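Engineer: below: sequence and its predicted model.
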Amino acid sequence: MKVSFGLGYIASLILLATSPLLTMLTNPIPAVADDTGVIRKVVLLDLWEKGNGFRLSPEVTQITVVDNYAIAHWFWDNSTGETVVINQNNQWQAIASTQTPFTPSTLASYGIPRQTARQLINRDRANPNTPSEPPPVANLFTSVLPQLQRQTDTLILLPSQIPEFKQRIYVNSFIQPNTYSIALSLKQNCDGMPNCTLGAFSATPVNSRYSPDDGFIKKIPLTNGIWGYFTPSRCQGFCTPSVIEWVWRDTHYRIALKGLGTDVNQAEAMMVNMANSAIEAGPR
C-alpha cells in the first residue's frame, strides 16, 4: 500500500509538472464565459503553490460567484477551507485562503464592497433549496435590515411575514459583529420593561451541541431538516412571550413574541410558521 501510494503521488507530481498549467502558478488566468472552471483551476494552483507538505491532491467542492467575486470551498488531506477569488481586468486571481469561514468583514478588507460581500456570503451559505429571489422581509424589519447588513457578520434570518398587531410597534436593534437582536415594543422608550415589551428576534453564536434546558420546551421539526424548540407563553404576575428557537450554522436563532392569544396550539403554529419563513427565505 505504501509503495502504491508513493507511486501515485509521484505520478500526480509529474503530471502537474508537465502540464501547461504549471506555468500559470504565478500568473492570473483569464476569465471566460464558464467562470467556474477557470476559478477551479486558479484555486487548485494556488493551493499547490502553498502546499507545505500536504500529500494528497486538493479538491474544490463548491464555487459561489457574485459579479467579479467568488468563494471556493476545498478539501485537502483531511483539511477543509475557503479561497476568495477576484476577477480583475478579466483575469481571475486567488486573493486569500483560510481554514475558517470568511465573513463579510474579512471580504471587505480585501476590497470587496460590503454589500457585495454580504450577498456573496449569503448565497454561499444558503441552503440549496433557498430561492434565488427570496420573498421580501416583513415590513417591520425593512428599516433596520440595511443597518444589520452593514454592521454584523452574522447570517441574518428574518421572516417574510409576522402576525399583525393593532397597536403601533416600535423597533430597536442591538448589533455587534457576531450577534444581533431586534426588539419590538409598544412604547418608544420601553427599555425591556415587561409591560411594554412585545418580543425580539435575535441571533447569537453557539456551540453546535446547544440544547435548551427549559422543562416546558417542546421539540418540533422545522423546514430544511432543522429541529426547533417551542416554549409556550406563561403568565405569573406578567406574561412571558412564546418562543421558537433553533440552531443553524453554529448560530442560535430565537424568536420571542407576545400577543398570540391563549390557545397554545395556535401560538405554536404561528411561531413555527415564522421560523420556517425565516429559514426558507435564507440569509438576508
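Structural biologist: Ah, there it is.
Engineer: from here on, just use CA atoms for contacts and neighbour counts.
Structural biologist: OK.
Engineer: tell me which residues touch the residue nearest to W248 when sequence neighbours are not counted, please.
Structural biologist: Among residues not flanking W248 along the chain, I226 sits closest, at 7.6 Å (CA to CA, 6 or more residues apart in numbering). The neighbours of I226, taking CA atoms under 8 Å, 6 or more residues apart in numbering as the test, are 246-248.
Engineer: how about E245, secondary structure?
Structural biologist: strand (DSSP: H, G, I helix; E, B strand; the rest coil).
Engineer: count of neighbours near it?
Structural biologist: E245 has 24 neighbours, counted by other CA atoms under 10 Å.
Engineer: same question for the one 5 residues further on.
Structural biologist: As a burial measure, D250 scores 13 neighbours (other CA under 10 Å).
Engineer: same check, this time on N224
Structural biologist: Using other CA under 10 Å, N224 has 13 other residues around it.
Engineer: next, give phi and psi for it.
Structural biologist: phi 60, psi 30 (degrees, to the nearest 10).
Engineer: show me the contacts for it.
Structural biologist: N224 makes contacts with 127, 279-280, as judged by CA under 8 Å, 6+ apart.
Engineer: look up how far P58 lies from the residue nearest to W248.
Structural biologist: Distance of I226 to P58, given as CA to CA, to the nearest Å: 31 Å.
Engineer: and stretch 254-261, which residues are buried?
Structural biologist: 254-258, 260 (16 or more other CA atoms under 10 Å).
Engineer: contact partners of stretch 92-112?
Structural biologist: Defining contact as CA under 8 Å, 6+ apart, one finds that stretch 92-112 is touched by 28-31, 38-39, 42-43, 46, 69, 79-87, 114, 117-118, 121, 153.
Engineer: output that stretch as CSV - backbone C-alpha positions only.
Structural biologist: Below are the C-alpha coordinates for stretch 92-112, written out as CSV (Å, rounded to 0.1, in the frame of the first residue of the first chain):
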residue,chain,number,x,y,z
TRP,A,92,-9.3,35.6,-12.0
GLN,A,93,-6.8,35.8,-9.1
ALA,A,94,-6.7,34.0,-5.8
ILE,A,95,-6.5,36.6,-3.1
ALA,A,96,-6.7,34.7,0.2
SER,A,97,-7.3,31.3,1.7
THR,A,98,-8.5,30.3,5.1
GLN,A,99,-9.5,27.2,7.1
THR,A,100,-12.1,29.2,8.9
PRO,A,101,-15.2,30.6,7.1
PHE,A,102,-14.9,34.1,5.6
THR,A,103,-17.2,36.8,6.9
PRO,A,104,-18.5,40.0,5.1
SER,A,105,-15.9,42.0,7.1
THR,A,106,-13.0,39.9,6.1
LEU,A,107,-14.1,40.0,2.4
ALA,A,108,-14.5,43.8,2.7
SER,A,109,-10.9,44.0,4.0
TYR,A,110,-9.8,42.6,0.6
GLY,A,111,-11.5,45.4,-1.2
ILE,A,112,-14.8,43.7,-1.9
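Engineer: for S160, which three-state class applies?
Structural biologist: Classification of S160 by three-state DSSP places it in coil.
Engineer: which stretches in the stretch 101-250 of the chain count as helices?
Structural biologist: 104-109, 114-125, 145-151 (DSSP state H, counting those that start in this stretch).
Engineer: give me whichever of these is most buried.
Structural biologist: Using mean count of other CA atoms under 10 Å, the stretch among the helices of the stretch 101-250 of the chain with the largest mean neighbour count is helix 114-125, at a mean of 20.
Engineer: so what does that helix touch, helix or strand wise?
Structural biologist: Judged by 3 or more CA pairs under 8 Å, 6 or more residues apart in numbering; DSSP states H and E, the packing partners of helix 114-125 are strand 59-66, strand 69-76, helix 104-109, helix 145-151.
Engineer: need these in JSON lines (columns: mean pLDDT and distance to V171).
Structural biologist: Supplementary listing: these in JSON lines, determined by pLDDT from 0 to 100; distance: least, CA to CA, whole Å:
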{"stretch": "strand 59-66", "mean pLDDT": "94", "distance to V171": "32"}
{"stretch": "strand 69-76", "mean pLDDT": "94", "distance to V171": "34"}
{"stretch": "helix 104-109", "mean pLDDT": "94", "distance to V171": "25"}
{"stretch": "helix 145-151", "mean pLDDT": "94", "distance to V171": "11"}
